[in-house]
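*Asks:* could you work out the structure for the sequence below:
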Amino acid sequence: MKLQFFGSTFRTTILFILLAELLSFFVFWTNWFYGLMPLAFIAIALASLIVSAINIKYGLFIALVELFIGSQGHLFFYTIGDFNVSIRIAIFASVMLVWLLKLFNKTHAKKALHIIKQNKELVWLALICVWGVAFALIRNNSLANVFLDFNAWLYFLYFLPFLGFLNKKDDLNTVLQLFTASTVAIIVKTFTFLYVFSHQIPIIKTMYSWGRDTRWGEFTLITDGIFRIFSQAHIFVLIGFFIALGYLSFKKSSEYKDKHNKWLNLYIVLTSSIIIVSLSRSFWVGLAFAFLVFAFVALFNYKFRLKKSLLLLGRLLLTTVIGFALLYSIINIPIGQYGTTGSTGSMIKERLTLSGAAASSRWAQVPGLTAGIIKHPVIGSGWGTTITYQSQDPRILTPKNPQGWYTTYAFEWGYLDFALKIGLLGVIIYIIFLISILKRYIQLWRKKTDRFVNALIIGLMLGLVALIIVHGFTPYLNHPLGIGYLLLLLLIHSLLQDKIAPTKA
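*Replies:* Numbering: from 1, shown residues only. As a prediction, this is how the structure comes out:
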């Protein structure tokens, strides 16, 4: 099967993302004067509802693109009191409302029931999530904390319309192009922030406020004019790196000459540079573990010989060097009076140390989490459960709070967070769900479909391995971003299983 990562859908998606980003920036920039943000939010929410009503498939495509580029989903938002309703919530409500109305059709209702029966692991996960809500209410956990802690898990409900309405053979290439277009847009946005910050261009204050207030990213001065540009959406860049790497590496060598694959090679360079500039130690650990799995598959399943292994290693090293060179160019090539003399090497050295406010605050959570887990180790303490610890974060360590005491329900340690809220039982059920996804892909890979599909399968599984490791240090599997990738894997597996017949070995 011919797989397309770059095509007309890619180009169209890039254009719409660019327009959305420019509109978001313009609305934010002028909102103080004209108050356009509520109007933009309502317009986009209504457009999502209308598009979904006309064809729910396109509503799902909108949801996917917003998920990929939106980080925490606040590219547009509507303020109600102290709470900002994100555009992600509005799109979710629009799509799910249309889907619920379609259930009045017996055919769609039967299909939804069939999908539920095929994904029993999600049913068990749903039950443990509902228990987390019930026990939280029994324990009188803050209702606001319960809602904010639990609402992301509702994103799992998308699996019903995803699997029910994205079921055509062409949908696979559409989804792949939506993914690559979105990650390329993230890369361009990251480079733009990096350039503006490193060159101290006057628009920097507005860019900073826009990036922070829309919850897209975090921007931190590391050393000598070098800034860390990190967005939670970078997780898709990390996943995209492994999808492209797996796809390119496990096809026949002659396929490297394909023009389409030259774009994938460039894509690998760009994604690797973002993994560097994100300065995320969690990403680097996930990268290392997933690469070990990549090496194991290459040596023991695909029987890479020494020459081919060395060539592949050389390509990866060259990719890394080019990625560093690209970052160095963006940071150090001045225009006019602006520019910096910073070193990309110094920022890497800074982040490789385990000291600093972020690392110490993360470790400070462990004793409180451990004590909280012990109270209800099997069933958990429910959503919204809080702990109090001392933080070294400058935003918390203030003259009003000189000792840095901080109480929160959100924690960096993803699996410990699971254990605290839904107990070891919940952790086991989630792990069973993850294993079931891996098993589905391994079974599909063993059917010996064409080499393009097998290569894609390896890339997708490597992305999942990276996500599972990253979640241990930075929570994603309890966030729409991580949940969204799991749903994407279920969707792609369904498309591959239903539409691609095995070939002879």
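*Asks:* helix or strand with the lowest mean pLDDT in the protein?
*Replies:* The helix or strand of the chain with the lowest confidence, counting by mean pLDDT, DSSP states H and E, is helix 344-352 at a mean of 53.
*Asks:* what's the first helix or strand after it?
*Replies:* For helix 344-352, the succeeding helix or strand toward the C-terminus, using DSSP states H and E, is helix 357-375.
*Asks:* strand partners (parallel or antiparallel) of the following helix or strand past that next one?
*Replies:* The helix or strand immediately downstream of helix 357-375 is strand 387-390, counting by DSSP H and E. Partners of strand 387-390 in the sheet, by DSSP bridges, are strand 405-408 (antiparallel).
*Asks:* so which helix or strand takes in residue 79?
*Replies:* strand 77-80.
*Asks:* hmm, who's touching whatever helix or strand comes next after that strand?
*Replies:* Going down the chain from strand 77-80, the next helix or strand is strand 83-86, by DSSP H and E. By Cβ atoms under 8 Å, 6 or more residues apart in numbering, the residues outside strand 83-86 that reach it are 41, 70, 72-74, 76-79. Using the backbone N, CA and C atoms, a C-beta is placed for each residue, glycine as well.
*Asks:* from the residues you listed, keep the buried residues only.
*Replies:* For those, a neighbour count by 16 or more other Cβ atoms under 10 Å gives the buried set as 41, 70, 72-74, 76-78.
*Asks:* could you dump those into CSV with pLDDT added?
*Replies:* Formatted as CSV, those follow (pLDDT from 0 to 100):
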residue, pLDDT
41, 95
70, 93
72, 94
73, 95
74, 95
76, 95
77, 93
78, 93
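*Asks:* kindly indicate which of these lies nearest residue 230.
*Replies:* residue 72 (12.5 Å; Cβ to Cβ).
*Asks:* how much space separates that closest one from residue 405?
*Replies:* Residue 72 sits 25 Å away from residue 405, going by Cβ to Cβ, to the nearest Å.
*Asks:* can you check residue 35 too?
*Replies:* Taken as Cβ to Cβ, the span from residue 35 to residue 405 is 37 Å.
*Asks:* any regions of this structure where pLDDT drops low?
*Replies:* Within the chain, the segments meeting pLDDT under 70 span 1, 32-33, 224-225, 252-259, 335-359, 498-505.
*Asks:* for the longest helix along it, buried residues please.
*Replies:* Longest helix in the chain by number of residues (criterion: DSSP state H): helix 414-446. Neighbour-count burial for helix 414-446 flags 414-423, 425-427, 429-430, 433-434, 437, 440-441, 444-445 (criterion: 16+ other Cβ under 10 Å).
*Asks:* and the strands in the stretch 101-250 of the chain, which stretches?
*Replies:* Per DSSP state E, counting those that start in this stretch, the stretch 101-250 of the chain carries strands over the ranges 218-223, 226-230.
*Asks:* distance from stretch 114-122 to the middle of the chain?
*Replies:* Its chain's C-alpha centre and that of stretch 114-122 lie 24 Å apart, by Cα atoms, centre = their mean, to the nearest Å.
*Asks:* and for residue 8, the neighbour number?
*Replies:* Residue 8 is flanked by 9 other residues according to other Cβ atoms under 10 Å.
*Asks:* contacts only, for it.
*Replies:* Residue 8 touches nothing, counting by Cβ under 8 Å, 6+ apart.
*Asks:* and it, how far from residue 492?
*Replies:* Per Cβ to Cβ, residue 8 is found 20 Å from residue 492.
*Asks:* what helix or strand does residue 5 sit in?
*Replies:* Going by DSSP H and E, residue 5 is not in any helix or strand.
*Asks:* grab the nearest non-local neighbour of it.
*Replies:* Once flanking residues are discounted, residue 5 sits nearest to residue 180: 4.7 Å by Cβ to Cβ, 6 or more residues apart in numbering.
*Asks:* so that neighbour touches residue 7, yeah?
*Replies:* No - contact criterion Cβ atoms under 8 Å: residue 180 and residue 7 do not qualify, at 9.5 Å.
*Asks:* is it correct that residue 297 is in contact with residue 458?
*Replies:* Yes - look at residue 297 against residue 458 with Cβ under 8 Å: they come within range, at 6.1 Å.
*Asks:* out of the contacts of strand 83-86, who's nearest residue 468?
*Replies:* Using Cβ to Cβ, the contacts of strand 83-86 come closest to residue 468 at residue 72, 21.0 Å.
*Asks:* surely that closest one forms part of a strand?
*Replies:* No - Residue 72 is assigned coil when assessed by DSSP: H, G, I helix; E, B strand; the rest coil, not a strand.
*Asks:* next, it: phi, psi?
*Replies:* phi -90, psi 10 (degrees, to the nearest 10).
*Asks:* the nearest residue to it once chain neighbours are set aside: what's it in contact with?
*Replies:* Residue nearest to residue 72 in three dimensions, not counting chain neighbours: residue 215, with 3.8 Å by Cβ to Cβ, 6+ apart. By Cβ under 8 Å, 6+ apart, the residues touching residue 215 are 71-74.
*Asks:* ok, 10 Å please
*Replies:* 70-75, 77, 84, 86, 231-232 (Cβ atoms under 10 Å, 6 or more residues apart in numbering).
*Asks:* need the max-distance pair from those residues.
*Replies:* The widest separation within those (Cβ to Cβ) is 17.7 Å, between 84 and 231.
*Asks:* and residue 384, what does it touch?
*Replies:* Counting by Cβ under 10 Å, 6+ apart, residue 384 has contacts 132-133, 136-137, 139-150, 409, 421.
*Asks:* kindly recompute the last result at 8 Å.
*Replies:* Counting by Cβ under 8 Å, 6+ apart, residue 384 has contacts 136, 141-150, 409.
*Asks:* which non-adjacent residue is nearest it?
*Replies:* Closest to residue 384 by Cβ to Cβ, 6+ apart is residue 145, at 3.3 Å.
*Asks:* roughly how far does that neighbour sit from residue 386?
*Replies:* 7 Å.
*Asks:* ok, now residue 147?
*Replies:* 14 Å.
*Asks:* neighbour-wise, which of those two wins?
*Replies:* Neighbours per residue, other Cβ under 10 Å: of residue 147 and residue 386, the larger number sits with residue 386, 18 against 14.
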